[in-house]
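Novice: Sharing a sequence plus its predicted fold:
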Amino acid sequence: MTDTKPLILATHSGKFHCDEVFAYVVLCLALGLEQPGIDHHLRRTRDAALFTSADIVWDVGGVYDEATNRFDHHQRGAPLRDDGTPFSAAGLVWQVYGPRAVAALLAPENDPALATDIAREVDNSVVRRIDEQDNGVSLEGPVKRDNLGLARLIEDCNPAWDHADATGPHAGDIAFAEAVALMAGVLRRRVANLRARLAAQSAVMAAYKAGEDPRLLVLERGMPWKNVVFAQNLPVLFAISPASNGNWMVDAVPPEPGAFGQRLSLPESWAGLQNEALAAETGVPDAVFVHLRRFVAAAKSRTGALALARLALATDTIPSSPPTT
């Protein structure tokens, strides 16, 4: 792998699927390959002589051997995850090259532990799902076709049966490149979002520990916080943070992830009030609004939002019922 000559990467020709497209994206990221035909050659072929002589082969060839960079999963005795889920080519390649691909996406940030954590998250949330879809099996039962899922979006990149690019020795090669661009964007954004989420976890915990009241979480920047509150079992009732429009928000914490109710609702007498009416009711001069369902409020300043939250804590408030639809 240290040879300066271009690497030869090989997978099967014809109709492509999510797993081999994903695997190619991962390999290019992990190995720093950016220019097909210059720093590497991609062979999409069923010719055994062509893929046998390649440096890395996936989803074809009937061999799984990390030592020789062979990553097929169609043969008898193909590897399984610890829980018995069959790997696809995406899963096999990810086990070896995933952390390096993530590290490349995180560059210039050099944090191996962060790359490992994100690679684990991507494996759980993305790669495992590709494995299940490609093999048609899941521990949760039969895998249903998802017309809006990643696998279907990649499959839709294939040329239609009556398209000029659907036949011939290079059938689907242009479409494969288009699918690669789509997949690369998906992976890049997923890694970026996971990095931000992990950064938010640290920031949220730091803000919580620095707070004066364990029932209030005061954040100086808008960021994801609910998952941290639930994961750490924090007794937070209201989160205060700035919004992009300049207001400061007071968000009531739901009783559990995805619930519509609140651990503690904003006061009933505030429901639906805005501006002057809300300021008169609360005594907070820059109060902006309270939602009719009493799960969110806003003020024009941090001081105003904190005042609303503290007033709500001091009020004997009954949690509201989930909104009807």
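Specialist: That came through, no problem.

Novice: which helices and strands does the lowest-mean-pLDDT helix or strand in the chain pack with?
Specialist: Of the helices and strands making up the chain, the lowest-confidence element is helix 48-52, at a mean of 93, by mean pLDDT, DSSP states H and E. Packed against helix 48-52 by the contact rule (3 or more Cβ pairs under 8 Å, 6 or more residues apart in numbering; DSSP states H and E) you find strand 7-11. The way it works is simple: take the backbone N, C-alpha and C, and place the C-beta from them, glycine included.

Novice: for the record, mean pLDDT for the strand it packs on?
Specialist: Averaged across strand 7-11, the pLDDT comes to 97.

Novice: next one: stretch 76-92
Specialist: Stretch 76-92 shows an average pLDDT of 96 in the prediction.

Novice: now do stretch 181-193
Specialist: Per-residue confidence for stretch 181-193 averages out to 97 on the pLDDT scale.

Novice: Same question for stretch 278-286.
Specialist: Mean predicted lDDT for stretch 278-286 stands at 98.

Novice: Next, the distance between the ends of it.
Specialist: Terminal residues of stretch 278-286 are spaced 9 Å apart (Cα to Cα, to the nearest Å).

Novice: Buried residues, that stretch. List them.
Specialist: Under the neighbour-count criterion of 16 or more other Cβ atoms under 10 Å, stretch 278-286 has L278, A279, T282, V284, D286 buried.

Novice: what do you get for stretch 269-276?
Specialist: Of the residues in stretch 269-276, W270, L273 count as buried by neighbour count, 16+ other Cβ under 10 Å.

Novice: what does stretch 235-244 give?
Specialist: By 16+ other Cβ under 10 Å, the buried positions in stretch 235-244 come out as V236, L237, F238, A239, I240, S241, P242.

Novice: isn't there a strand covering the fifth one?
Specialist: Looking back up the chat, that one is I240. Yes: I240: assigned to a strand according to DSSP: H, G, I helix; E, B strand; the rest coil.

Novice: Report the contact partners of it.
Specialist: I240 is in contact with L216, L217, V218, L219, W248, M249, V250, D251, R302, A305, L306, A309, counting by Cβ atoms under 8 Å, 6 or more residues apart in numbering.

Novice: Recalculate using a threshold of 10 Å.
Specialist: Contacts for I240 were tallied using Cβ atoms under 10 Å, 6 or more residues apart in numbering; they are 207, 211, 216-220, 248-251, 297, 299, 302, 304-306, 308-310.

Novice: likewise the third one?
Specialist: By Cβ under 10 Å, 6+ apart, F238 lies in contact with 213, 215-218, 249-253, 262-264, 266, 296-297, 305-306, 308-310, 312-313.
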